[in-house]
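**Student:** Here is a sequence together with a model predicted from it:
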Amino acid sequence: MVRILRLPRVVHILQMGFFDKFFNREKKEDLDKGLEKTKEGFFGKIARAVAGKSTVDEEVLDEVEAALIAADVGLDTTVKIIERMEARVARDKYVNTDELNNLLRDEIVQLLGENNTTDAEDFDIPAGKKPYILLVIGVNGVGKTTTIGKLASQFQQRGHKVVLGAADTFRAAAVDQLKIWSERVGCDFYSKGMNADPAAVAYETTQYALENGCDVAIIDTAGRLHNKVNLMQELGKIHRSIEKKLPGAPHDVLLVLDASTGQNAFEQARHFTEVAPITALALTKLDGTAKGGVAIGISDQFKIPIRYIGVGERIDQLQIFNKRAFVESLFAQ
């Protein structure tokens, strides 16, 4: 049985001028607070590394390496950063410890810049792609449904009409949670209930978006990794069904990862990239972990842009990942 829920769209009561005036400052404050735990652990180790030192030597770099690994930047990316720093120190001949933070910051910004991360500041949809079809995947418990709800809210606030498609039909809770988010946000909702064919739900959500003038369709999918063959087949079927209805769609496949799981997030990314054409990442729960360095490592290792980060529980605390803002916040004293 098809259940369609259409609700009044949220009225954005703030005038845009007022919103723009304060939004960037509030975003920066949220980001600074969200990275506090990572910053405390990371820079505590670096401070101890440079205590009593006048120059950046091999011992200091060893301590910086340990700090990067502890922040879950990952071994391969850490080695890359340290090798670049060693080259800089050798080239410049003399680098004092006061310059260490600037050197490390520059290398991380450059690294993120090489991995297709953007400095976008707003939630918008790609030009010429209406409806914009966003397929969301990720294992259970990473904050996938919450991320979808927050995305819907952000898109709605910018004047886009949104529909959420409940294609995670293997868990009744997933369908119910998505419906609750649609009610909270005030967007449309499409479901065929539990145990329905996910590909059929994806197809019909796309059709619903086309027929009802939606700008964005966000489709939730099951997060199961226990059998990669079945997962690959299921995601492939969903892709084909969407493209059959709207050639060129889905326009993005977003993988949601829990930053607080550290190296486990790397493993999830590795498994999912083997079976699905991931085009963007969302990192959740950065505010609850000292492992925020996972953003740097995952971006580097998988060459997939991080598009969104979660820095708090509020509905507006899902941010566009801005590499410069992220690094500046990480290094802010």
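**Tutor:** Great, that's in hand. Residues are numbered from 1 along each chain as shown.
**Student:** Show me which parts of stretch 75-90 are buried, residue by residue.
**Tutor:** In terms of neighbour count (16 or more other C-beta atoms under 10 Å), stretch 75-90 has its buried residues at 77-78, 80-82, 84-85, 88-89. Any C-beta I mention is one placed from the backbone N, CA and C, and that applies to glycine too.
**Student:** Flag whichever of those residues scores worst on pLDDT.
**Tutor:** On pLDDT alone, Val89 ranks lowest of those, at 83.
**Student:** Touching, it and Val95? I think so.
**Tutor:** Yes. Between Val89 and Val95 there is a contact under C-beta atoms under 8 Å: 5.0 Å.
**Student:** what residues do the two have in common as contacts?
**Tutor:** Residues touching both Val89 and Val95 (C-beta atoms under 8 Å, 6 or more residues apart in numbering): 56, 103.
**Student:** ok, Glu29 - how many residues close by?
**Tutor:** The tally of other residues near Glu29 (other C-beta atoms under 10 Å) stands at 12.
**Student:** That one belongs to a strand?
**Tutor:** No. Judged by DSSP: H, G, I helix; E, B strand; the rest coil, Glu29 forms no part of a strand; its state is helix.
**Student:** any idea how far it is from Gly193?
**Tutor:** Separation of Glu29 from Gly193 (C-beta to C-beta, to the nearest Å) stands at 42 Å.
**Student:** Would you map the strands across this protein?
**Tutor:** 3-5, 132-137, 162-166, 188-191, 216-220, 252-258, 280-284, 306-310, 318-320 (DSSP state E).
**Student:** Tell me which residues are up against the last one.
**Tutor:** I take that to be strand 318-320. Against strand 318-320 from outside (C-beta under 8 Å, 6+ apart): 27, 30-31, 120-123, 147, 150-151, 154, 282, 307-311.
**Student:** what residues are up against Val89?
**Tutor:** Residues in contact with Val89 (C-beta under 8 Å, 6+ apart) are 56, 61, 95, 103.
**Student:** now the residues you listed as JSON lines including neighbour count, pLDDT and distance to Lys245?
**Tutor:** Formatted as JSON lines, the contacts of Val89 follow (neighbours: other C-beta atoms under 10 Å; pLDDT from 0 to 100; distance: C-beta to C-beta, whole Å):
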{"residue": "Val56", "neighbour count": "25", "pLDDT": "83", "distance to Lys245": "57"}
{"residue": "Leu61", "neighbour count": "18", "pLDDT": "89", "distance to Lys245": "54"}
{"residue": "Val95", "neighbour count": "19", "pLDDT": "71", "distance to Lys245": "57"}
{"residue": "Leu103", "neighbour count": "17", "pLDDT": "87", "distance to Lys245": "51"}
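**Student:** still on that earlier bit, nearest to Thr221, of the buried residues of stretch 75-90?
**Tutor:** The shortest gap between Thr221 and any of those belongs to Thr77, at 28.5 Å (C-beta to C-beta).
**Student:** these two touch, right, the closest one and Val294?
**Tutor:** No. Counting by C-beta under 8 Å, Val294 is not a contact partner of Thr77; they are 9.9 Å apart.
**Student:** Got the phi and psi for Val142?
**Tutor:** Val142 adopts backbone torsions of phi -90, psi -10, taken as degrees, to the nearest 10.
**Student:** Contact partners for it?
**Tutor:** Neighbouring residues of Val142 by C-beta under 8 Å, 6+ apart: 223, 256-258, 261, 268, 284.
**Student:** Buried ones only from the residues you listed, please, as a ChimeraX command.
**Tutor:** Selection of buried members from the contacts of Val142 for ChimeraX, criterion 16+ other C-beta under 10 Å:
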select :223,256,257,258,261,268,284
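**Student:** Please tabulate the contacts of Val142 in a markdown table, including the columns pLDDT and distance to Ala167.
**Tutor:** Shown next, in a markdown table, are those (pLDDT from 0 to 100; distance: C-beta to C-beta, whole Å):
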| residue | pLDDT | distance to Ala167 |
| --- | --- | --- |
| Gly223 | 73 | 11 |
| Val256 | 96 | 15 |
| Leu257 | 95 | 19 |
| Asp258 | 94 | 21 |
| Thr261 | 91 | 24 |
| Gln268 | 89 | 19 |
| Thr284 | 96 | 20 |
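**Student:** No more questions from me, cheers.
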